[in-house]
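S.K.: The following block contains a protein sequence and its predicted model.
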Amino acid sequence: MKPIVAVVGRPNVGKSTLVNRIAQTSEAIVHESRGVTRDRSYYDAEWNGREFTLVDTGGIEPLKSEDVFSAPIRDQALAAAEEACAILFVVDGTTGITEEDESVARMLKRIKKPVFLLVNKLDNPARENDNLWEFYSLGVGDPLPISALHGHGTGDLLDEIVALFPDEYELPDLDIDDGMLSVAIIGRPNAGKSSLFNKMIGSQRSIVSDVAGTTRDAIDTVVERNGRLYRMVDTAGIRKKSTVYENIEYYSMVRGLRAIDRADVALLVIDSSTGMTEQDQKVANIAIERGCALVILLNKWDLLTDDNARQHVMESVDRRLTLAPWASVLRISALTGRSVEKIWALADAAAAARSARVSTSALNRLLTEMREFGHTVVDGKRRLRMHYATQTGTEPPTFTFFVNHTDLVSDSYRRYIENRMRDAFGFAGTPIRLRFRKKDTRDTKGEK
């Protein structure tokens, strides 16, 4: 594995700005508000040919903090520091030492890892030494002046960091995404996504609470099961755009959509205590539009104590899932672990269907059967004729039909073709794409 470098400090000292600078990304959310980063988020970085993983953590606040998230954020930051080869302790050079900085320093002294004390926001290199001396009192080493915003001092810092990496981390170039299945956990806020994420990967990686919108960052974790690699992505809850009042929530929603964009399989987590809502339906449609395989997970099923409540939930799924009746539905409990192990097999099956290929001969045998059945579209003297079909893509499966009149292909007839194809070839768990192109009759002479 790559060496890990953890970035820690109190809130709003510029940790995420530094992460974006080093990792050359804009993924880490940067905002003037305190506590924007809550979970620890992982980013790939490289310096002078040495690759490493950079971990952005939430702002550590004193034990007496009244913030409901302060304790789990502190635990997440300390967990990142424990697994790191080096720790970047960021302080704000424009405000001087605070009680929170002293609290972080005391915590880091108990962790026997190399610590770099970074005095950030010193944007004028000519006067950077004016504010350094007081930070020696933190007792965690020599303070280093930097400007995460402008990049001053970061090059020298990275030279010192990579010099600490042991040689055994110098691995040959491998395409870690080769054969890896990317799985995004999606859904409305507070449906239980983080709890499920933690249960599936077997460790407390995401902060779990009963406050909606806890997860603000999409967090990737690579898991190996039975010789297969999975990239698990726990996304921020996707809200209606009209309810995204804060910029922070907006960026989290955008990141959730990005996770769906690069996912092979989307696990849509639904709160069974409320059933499938209109917003759940919209989230499912987002995944379908982006070509993801889809598995529906009815979480908190253990909270339903009578048959009427269970029937109500299933009816809501049938009513809302009209665009994806092909999606697998599983009743689970992230809290108790009920049926969580079954998710892996459903994700594998959906991914396999999404990558499936159908031979041209099999497709055209189906066309022959459909012609013999006689169901088609007629408009006056015009009759829809489908001459030929072939598969033109996968992930999701895409098929092109050559017809005499493309404008005669109605939505209902498109659904009819899709249903016939699913009956014949399966495709459980994945959307399929149907394309129709005009084929002139003179090009079909000699066809039988």
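M.R.: Yep, it's here.

S.K.: give me the number of residues near the closest residue to V269 other than its chain neighbours?
M.R.: Once flanking residues are discounted, V269 sits nearest to G187: 3.9 Å by CB to CB, 6 or more residues apart in numbering. The C-beta positions use only the backbone N, C-alpha and C, and glycine is treated the same way. G187: 27 surrounding residues under other CB atoms under 10 Å.

S.K.: does G187 really touch Q279, like I thought?
M.R.: No: assessed by CB atoms under 8 Å, G187 is found out of contact with Q279, at 9.1 Å.

S.K.: Any figure for the gap between M370 and W326?
M.R.: Applying CB to CB, to the nearest Å, the value for M370 to W326 is 19 Å.

S.K.: These two - which one has more neighbours?
M.R.: W326 (21 against 18).

S.K.: Tell me who's in contact with that one.
M.R.: R422, F427, A428, G429, T430, P431 (CB atoms under 8 Å, 6 or more residues apart in numbering).

S.K.: Helix or strand with the lowest mean pLDDT in the protein?
M.R.: helix 247-261 (a mean of 59; mean pLDDT, DSSP states H and E).

S.K.: Which helix or strand lies directly C-terminal to that helix?
M.R.: strand 265-271 (DSSP states H and E).

S.K.: after that next one, next one along is what?
M.R.: helix 278-289.

S.K.: Okay, now the sheet partners of the helix or strand just after that next one, with direction.
M.R.: Helices and strands here follow DSSP H and E; after helix 278-289, the next one along the chain is strand 293-299. When pairing is defined by DSSP bridges, strand 293-299 lines up against strand 265-271 (parallel), strand 328-331 (parallel).

S.K.: Show me the helices in the stretch 301-448 of the chain, by range?
M.R.: 307-320, 342-354, 360-373, 411-425 (DSSP state H, counting those that start in this stretch).

S.K.: Buried deepest among those helices, which one?
M.R.: Sort the helices of the stretch 301-448 of the chain by mean neighbour count, taking mean count of other CB atoms under 10 Å, and helix 342-354 sits at the top with a mean of 20.

S.K.: pLDDT averaged over that one - what is it?
M.R.: In this model, helix 342-354 has a mean pLDDT of 96.

S.K.: Name the residues that touch that helix?
M.R.: Here helix 342-354 makes contact (CB under 8 Å, 6+ apart) with 181, 183, 200, 225, 228, 230, 264-265, 267, 291, 293-295, 297, 328, 330, 332, 394-397, 426-430.

S.K.: run the last query once more with 7 Å
M.R.: 181, 183, 200, 225, 264-265, 267, 293-295, 297, 328, 330, 395-396, 426-430 (CB atoms under 7 Å, 6 or more residues apart in numbering).

S.K.: List only buried entries from the residues you listed.
M.R.: Applying 16 or more other CB atoms under 10 Å to these, the neighbour count classes 181, 183, 200, 264-265, 267, 293-295, 297, 328, 330, 396, 427, 429-430 as buried.
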